[in-house]
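In: Predicted model follows, preceded by the sequence.
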Amino acid sequence: MGKNIKLISLASFLTFLLGMALVGTARAQESYPVSWITSYASLEASDLVIKISGQNYHGEAGSLRLHSDPGNNTYTTLEAEWYENGRPMRLYFYFSQNDTDWKVTEVRTYDGSERGEWLFYNGFSGSKKNTRYYNQLQVLTSKDGRGEISFSDFNLVAFPVRPLPPYSEKGYSLEPLNISQNIKIIFRDDLPPWQYSYGVNVLLRSAKDGQTVTDQSNIIYRWLTEDPRIASVEAGPLCAYGIKPPCPNINGQIRAYATGRTRITAQAEDRETQEVLATAVIPVIIARATVVNPPQPVVTVTPTPTPVACFAVNRAIPAVNPLGLTCCTGLTLVPPTDDNIGSAGVCRQWCGSDSDCRVEEVCASEPITGQGLFCESQSLVKMRALEKDLSATKKDLEQLKTGVQKQEATQNQLVRIVNNILSFLKNLFGFRSN
C-alpha cells in the first residue's frame, strides 16, 4: 500500500513538472518578431520587447512606419515609428562607419508619455564592414534607467551592399522596391481574383552621384502590362525616399484577373522630350491557392473546416512572403509610402461610417496616404490629432518668436536713431540729455 502511494505521488509530481514545462513552452511561444528593412539598414529579431513605465511595446505593425536617413558612406539611421497602448512610440538607431567597421552610435525610444519624449541609450560595437551583427539576446537600458529594450535572435545590418540595376544610356536606373525577385499573387476560389492586388514602388537614381533623384518635376512615369488578361496596373503619386512635390507616379497597384505569368513595365520619361530615361521590368505570377482538406476525425463528429491563412486587419504583409498570403476577406492592402522596403503594405478595412467598424474603432481618413476612409483605433486617431495640433502650435510659436525678434530689432533701431539725434543736438547747441 505504501509503495503504491509513493508511486502515485511520484506520478503526480512528474505530471506537475510536465504541466509546468508545457506552460513554460506556451509562454515561450508568445513572441513578437520584427523584420524592419530599408535600403540603408535592417533589423530582424524573433522577439522585441520595450519596457517603459510598466508597459510593454512590441512594434505594432498596423501603424508602423519605417524610415532611414540616407546620410552618406559614414552615417545613416533606422527609424521606426508606431502607436501602441494608446501612445506614440519610436525606436531609432544611429549608425556610423569607417574604412573597416560600422557601429551603433546611439539608440533612442519614446518614454511612453502622451506627447512622447526621448529616452537615450548608449550605442555599441557593430560588425565588420558589409557584415551582419548578431546577438542571441541583446538588452539595452536607457541612461536614466526608465527604459529597457530586449531583442531575441538580434540581427542588425547597416550600410548594406545592395545590387542596383544598371544605368541606362541616359544615365539613370529605375529600381523596383518592396519585392524580392518577382511579385506573386495567390487568390482563393471563393473570391474573384480581381479583389487581390499588390503595390510596388520604383526608385529613380542618377549615375552622376548614385543618389535618388529628388526633383522629378520634369519626369513622368508610364506603367504598362504585358498581358492585361492576367493583370492590370494603375499608377499613383507618391512622395517618399526624399522626393519633393509635385509627387511623381512611382507607385503601381497591380491587380490580378486570371492565373498565369506576365510582366509589368515601369518607364521614367522626360516630360518635354518624352525620351525614356530608365525602365524597370517586374515579373508577376498569379496562382490559385491550394487548400488541403483537414484529416478525417476518428470519432463521428462534424469537422470544422480549416480556415485559409491570411493577414488580419491592420497587420503588415512582409515583402518576402513565401506562402503568398494576402489580406483576409473584406480587407484592402495599402502599400507603404515610407522607406519600408521590407513590407508590401498594411491590410485595412474600408468603411463609410463608424457603424461599419468594430468597437473602439472609428471611420477615419487612412493614416498613411490620407486617401479613403478606413477603420482605425479611436486612440490612434486622437493621438494623430494631438500631434497635428502640437505641430500647428509649434509653428505658431516659431512665427511669434520671429515677430518678437523683428519687433526687438525695430526698437533697437529707434533707440540708435534717438541717440544719434541727441548726440547731434549736444554737439550743435551744447544740449545735454538727462
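Out: Everything's here; your move.

In: what does the domain assignment say about this structure?
Out: Per automatic domain parsing, the domain ranges recorded for the chain read 34-158, 172-290+309-349, 361-434.

In: between these, which one is nearest to residue 165?
Out: Closest approach to residue 165 among the domains of the chain (C-beta to C-beta): domain 172-290+309-349, 4.6 Å. The way it works is simple: take the backbone N, C-alpha and C, and place the C-beta from them, glycine included.

In: Any idea how far the closest one is from the middle of the chain?
Out: Relative to its parent chain, domain 172-290+309-349 has a centroid offset of 16 Å by C-alpha atoms, centre = their mean, to the nearest Å.

In: now swap in stretch 385-393 and tell me
Out: Relative to its chain's centre, stretch 385-393 lies at 21 Å (C-alpha atoms, centre = their mean).

In: Residues touching that stretch, excluding its own?
Out: Under the criterion C-beta atoms under 8 Å, 6 or more residues apart in numbering, residues 88, 114-115 lie in contact with stretch 385-393.

In: still on that earlier bit, ok, of the domains of the chain, where does mean pLDDT dip lowest?
Out: With a mean of 75, domain 361-434 has the lowest mean pLDDT of these.

In: hey, where'd the strands end up in the stretch 51-200 of the chain?
Out: For the stretch 51-200 of the chain, the strands defined by DSSP state E, counting those that start in this stretch occupy 55-57, 65-67, 75-84, 87-97, 101-110, 118-128, 133-141, 147-158, 172-176, 183-187, 197-206.

In: For residue 80, grab the count of nearby residues.
Out: Other residues lying near residue 80 total 21 when counted by other C-beta atoms under 10 Å.

In: quick one on the thing from earlier: mark which of the contacts of stretch 385-393 are buried, thanks.
Out: Buried members of these, counted by 16 or more other C-beta atoms under 10 Å: residue 88.

In: Using JSON lines, lay out the contacts of stretch 385-393 together with distance to residue 66.
Out: Shown next, in JSON lines, are the contacts of stretch 385-393 (distance: C-beta to C-beta, whole Å):
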{"residue": "88", "distance to residue 66": "15"}
{"residue": "114", "distance to residue 66": "23"}
{"residue": "115", "distance to residue 66": "22"}
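
In: Looking at the contacts of stretch 385-393, spot the one nearest residue 141.
Out: Closest to residue 141, out of all of these and judged by C-beta to C-beta, is residue 88, at 21.2 Å.

In: how far away is that closest one from residue 67?
Out: Per C-beta to C-beta, to the nearest Å, residue 88 is found 15 Å from residue 67.

In: How about residue 245?
Out: Distance, residue 245 to residue 67, by C-beta to C-beta: 18 Å.

In: Repeat that for residue 158.
Out: For residue 158, the distance to residue 67 - C-beta to C-beta - is 14 Å.

In: And the two? Which one has more around it.
Out: Taking residue 158 and residue 67 together and counting by other C-beta under 10 Å, residue 158 has the greater number of neighbours (27 against 18).

In: Nearest spatial neighbour of the more buried one, chain-adjacent residues omitted?
Out: residue 95 (4.0 Å; C-beta to C-beta, 6 or more residues apart in numbering).

In: mind listing what the residue lying closest to residue 166 once chain neighbours are set aside touches?
Out: Sequence neighbours aside, residue 173 is the residue nearest to residue 166 in space, at 6.5 Å (criterion: C-beta to C-beta, 6+ apart). Residue 173 makes contact with 164-167, 204-205, 207, 278 under the criterion C-beta under 8 Å, 6+ apart.

In: What helix or strand is residue 280 located in?
Out: strand 276-288 (DSSP states H and E).

In: What pairs with that strand, parallel or antiparallel?
Out: Using DSSP bridges, the strands paired with strand 276-288 in its sheet are strand 183-187 (parallel), strand 260-270 (antiparallel).

In: how about the contacts of residue 173, which pair is most distant?
Out: 166 and 204 (13.7 Å).

In: With neighbour numbers in mind, choose between those two.
Out: Using other C-beta under 10 Å, the more surrounded residue of residue 166 and residue 204 is residue 204, with 23 against 8.
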